[in-house]
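*Asks:* here's a sequence, model it:
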Amino acid sequence: MGTPKVAVPLLSTLNEISEIALVVTQPDRPMGRKQHLHASPVKVHSEKLGLKIVQPEQVKNNPIFLKELQGAKPDVIVIVAYGKILPQSVLELPRMGCINVHYSLLPAYRGAAPVNWALVNGEEKTGVTLMKLDRGLDTGPIIASSVVRIDSLDTAPRLFEKLTVAAVQILNEELLPYVRGERIAVPQEEEMASYAQIIEKKDGELDFSMSAMDVHNRIRGFQPWPGGFSRLNNRIFKFLETGIPEDCSAPLSPGTVTIQKRGLFIMCGDGKMLPILKVQPENRKAMDAASCINGGYLKEGDRFE
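*Replies:* Down below sits the predicted model:
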């Protein structure tokens, strides 16, 4: 059970190590200006593999879908970013339960956006957890986990890629031993739990009175949506790439733009400058710092609200 692009490599791995009786993905959705229906990446890849696919609009109180699952007689159901909450009737159906691939080191960062919030909070490591689903939100017992280091320039898309590599490996090594009864799922330490709430657009609005590293973390953590953005003269600027903060000797107010030989910078609340490497002014294409300066979009002394 999966939907987005991030689930495709794990689908391929499952197809190599096991017999996939059924693929469940979300229905085709309208996209683009003309609102043409588009299949999910998981559906597209499943069709290439010749796998049977079902796309229920809802999984709760859906006897037709439940009968389809029962007919597949699964030993285990593997969930990777499917996008719907499963009812108890589905959780209890497979012989070895429903297994979720979660992109954090549980019980830390339970919930909807663990990768993004790990970056925003400046974590130096995260990981992948293979866990058995129960009625709670990512509260089920842990089968296995794998640590992934976070680089100071990792963005959310880049970290997703690194975590997917780890997820493929953990599925390869741990899933079949669990199904055979050779691995025991261990309860989570509830007192260590934390949550990664759903991201809202307002989360991307930047406050340059924060430390430069905190601003940098929000910009890389909220890629590609909502992105890190701020306003200057009633115009929104979206910051797509920033560098490691640098010391500044000038007494500038937070949010002030300064242009130096080394590039384009914005002053932050801790007295450090944040290097701006790629930016997108409102109604313009994304551009590097030099193009932004040459085009007059940002000038020395401009100050973001």
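
*Asks:* how many other residues sit next to residue 268?
*Replies:* 26 (other CB atoms under 10 Å). To be clear about C-beta, it is placed using only N, CA and C from the backbone, and glycine gets the same treatment.

*Asks:* which SS class is residue 277?
*Replies:* Recorded secondary structure, residue 277: strand (DSSP: H, G, I helix; E, B strand; the rest coil).

*Asks:* what's the distance between the residue lying closest to residue 288 once chain neighbours are set aside and residue 239?
*Replies:* Excluding the flanking residues, the one nearest residue 288 by CB to CB, 6 or more residues apart in numbering is residue 278, at 5.7 Å. From residue 278 over to residue 239 the distance is 8 Å, taken as CB to CB, to the nearest Å.

*Asks:* ok, those two, which is more surrounded?
*Replies:* Taking other CB under 10 Å, residue 278 and residue 239 do not tie; residue 239 has more neighbours (25 against 16).

*Asks:* what residues does that one make contact with?
*Replies:* 206, 219, 227-230, 276, 278-280 (CB atoms under 8 Å, 6 or more residues apart in numbering).

*Asks:* same thing but at 10 Å, please
*Replies:* 204, 206, 215-216, 218-220, 222-223, 227-230, 266, 274, 276-280 (CB atoms under 10 Å, 6 or more residues apart in numbering).

*Asks:* before we move on, what about residue 129?
*Replies:* Residues near residue 129 by CB under 10 Å, 6+ apart: 100-110, 114, 138, 140, 142-146, 167, 170, 188.

*Asks:* ok, it to residue 173 distance?
*Replies:* Residue 129 is 14 Å from residue 173, by CB to CB.

*Asks:* overlap of the contact sets of the two?
*Replies:* Joint contacts of residue 129 and residue 173 (CB under 10 Å, 6+ apart) are 144, 146.

*Asks:* and residue 126, its phi and psi?
*Replies:* With angles defined as degrees, to the nearest 10, residue 126 sits at phi -150, psi -150.

*Asks:* neighbours of it, how many?
*Replies:* Residues near residue 126, counting by other CB under 10 Å, number 25.

*Asks:* which helix or strand contains the residue nearest to it when sequence neighbours are not counted?
*Replies:* Nearest in space to residue 126, with sequence neighbours left out and distances taken as CB to CB, 6+ apart, is residue 118 at 4.5 Å. In the assignment (DSSP states H and E), residue 118 maps to helix 114-120.

*Asks:* who are the packing partners of that helix?
*Replies:* Helix 114-120 sits against strand 125-132, helix 156-179, strand 195-196, helix 212-221, with contacts defined as 3 or more CB pairs under 10 Å, 6 or more residues apart in numbering; DSSP states H and E.

*Asks:* try 7 Å this time
*Replies:* Applying 3 or more CB pairs under 7 Å, 6 or more residues apart in numbering; DSSP states H and E, we find helix 114-120 packed against helix 156-179, helix 212-221.

*Asks:* now the shortest one against helix 156-179, angle please.
*Replies:* Between the axis of helix 212-221 and that of helix 156-179 there is an angle of 70 degrees, by axes from the mean of the first three to the mean of the last three CA atoms, to 10 degrees.

*Asks:* CA-only coordinates of helix 212-221 in CSV, if you can.
*Replies:* What follows is helix 212-221, C-alpha atoms only, in CSV (Å, rounded to 0.1, in the frame of the first residue of the first chain):
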residue,chain,number,x,y,z
ALA,A,212,20.8,32.2,11.1
MET,A,213,21.1,28.5,11.5
ASP,A,214,17.4,28.3,12.6
VAL,A,215,16.4,30.2,9.4
HIS,A,216,18.6,28.0,7.3
ASN,A,217,17.0,24.9,8.8
ARG,A,218,13.5,26.1,8.1
ILE,A,219,14.4,26.8,4.5
ARG,A,220,15.9,23.4,3.8
GLY,A,221,13.3,21.6,5.9
